[in-house]
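Asker: please find the sequence and the predicted model below.
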Amino acid sequence: GNSVTQMEGPVTLSEEAFLTINCTYTATGYPSLFWYVQYPGEGLQLLLKATKADDKGSNKGFEATYRKETTSFHLEKGSVQVSDSAVYFCALLRPNFGNEKLTFGTGTRLTIIP
Amino acid sequence: DVKVTQSSRYLVKRTGEKVFLECVQDMDHENMFWYRQDPGLGLRLIYFSYDVKMKEKGDIPEGYSVSREKKERFSLILESASTNQTSMYLCASTPGGGGRAWPQHFGDGTRLSIL
C-alpha cells in the first residue's frame, strides 16, 4: 500500500539556519506529493505540492523536488525564521477517482530559536 | 476563502459518554473527512463522506460513527467514549464529486480529552 516516511523530530534550529526535512514514499503509479504545515493551535494548511517527477513545489521560501528515482520529496529552506516554527507533514495522493485518499507522514515538529 | 468550522476547540468528556463533534463548511463542498491526529502517528482517516447521507470507512473507524444529514455539516460520533479516544480531531472538506481527496481544507481541530 501507499506510505510516507518522514524524518523524526523534533528539530531545533537557530534563526537563519538551513532546513532540510526528509520525506520518502512508497506508492504504485504516479502519486502527487504535498507538504502541509500546522501552526500552533491551527489546522493543516497546504504549503506546497508537486504532481509529477522532477516538479519543484515552492512557497514562502520553502522548496521540495519530486524525485522519482529516489522516491523522495525533501523539504528545504535556506534561512529559517522564528515564524516557521510548526509541525510539517509530508503527504501523498494516489489518484483513483472515487477512492482517493491522502496518506500522511507522522509529522516533524520544527522549533526555531532566535 | 473556504471556511471549515469545528464547533469546539477543546472538549472534556467522561468514559462511556456519547460524544458529538461537529464540522461545518461554507463552500458547498461535496466531500468531507474526519481524521484523528496523534503524536508519532500523523493523521489517520476515520470516516469520509462524498454526498449527503453517504459515508465510507477510513483506516480506523472502530468506535466511531458519522452523520451527514446536510451537505455542509459532517458529525463525528463517539458512541461510548473511551480513554484511548483522547486525541486531536480534524475535519476537512474538498470540492468535486466522487470522493476527491484534494485539495483539502482543514478546520482548526478539536482537542478531545476522555477522562
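Answerer: Cool, got the structure.

Asker: so who does the nearest residue to B:P95 once chain neighbours are set aside touch?
Answerer: Ranked by Cβ to Cβ, 6 or more residues apart in numbering or on different chains and with sequence neighbours excluded, the top spatial neighbour of B:P95 is B:H29, at 5.0 Å. For every residue, glycine as well, the C-beta is placed using N, CA and C. Applying Cβ atoms under 8 Å, 6 or more residues apart in numbering or on different chains, one finds that B:H29 lies in contact with B:2, B:71, B:93-95, B:105.

Asker: out of those residues, which are buried?
Answerer: The neighbour-count criterion (16 or more other Cβ atoms under 10 Å in any protein chain shown) marks B:71, B:93-94, B:105 among those as buried.

Asker: counting contacts, what elements does the helix or strand hosting A:Y25 pack onto?
Answerer: Remark: A:Y25 resides in strand A:23-26, with elements defined by DSSP states H and E. For strand A:23-26, the packing partners by 3 or more Cβ pairs under 8 Å, 6 or more residues apart in numbering or on different chains; DSSP states H and E come out as strand A:3-6, strand A:32-38, strand A:86-93.

Asker: just give me how far that strand sits from the chain centre.
Answerer: A distance of 10 Å separates the centroid of the chain from that of strand A:23-26, by Cα atoms, centre = their mean, to the nearest Å.

Asker: again, but for stretch A:9-21
Answerer: With Cα atoms, centre = their mean as the basis, stretch A:9-21 stands 14 Å off its chain's centre.

Asker: next one: stretch B:49-65
Answerer: If you compare the mean C-alpha spot of stretch B:49-65 with that of the full chain, they lie 9 Å apart, counting by Cα atoms, centre = their mean.

Asker: only alpha carbons, please: show that stretch as CSV.
Answerer: What follows is stretch B:49-65 as a C-alpha-only set of coordinates in CSV (Å, rounded to 0.1, in the frame of the first residue of the first chain):
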residue,chain,number,x,y,z
SER,B,49,-18.5,11.3,3.0
TYR,B,50,-18.9,12.2,-0.6
ASP,B,51,-22.5,13.1,-0.5
VAL,B,52,-25.4,13.7,1.8
LYS,B,53,-26.3,10.6,3.8
MET,B,54,-23.3,8.8,2.3
LYS,B,55,-20.4,7.6,4.4
GLU,B,56,-17.3,5.5,3.9
LYS,B,57,-15.0,3.9,6.4
GLY,B,58,-11.4,5.2,6.6
ASP,B,59,-8.5,3.4,8.2
ILE,B,60,-9.6,3.5,11.8
PRO,B,61,-13.4,3.5,12.0
GLU,B,62,-13.8,1.3,15.1
GLY,B,63,-15.6,3.1,17.9
TYR,B,64,-16.8,5.9,15.7
SER,B,65,-19.8,6.7,13.5
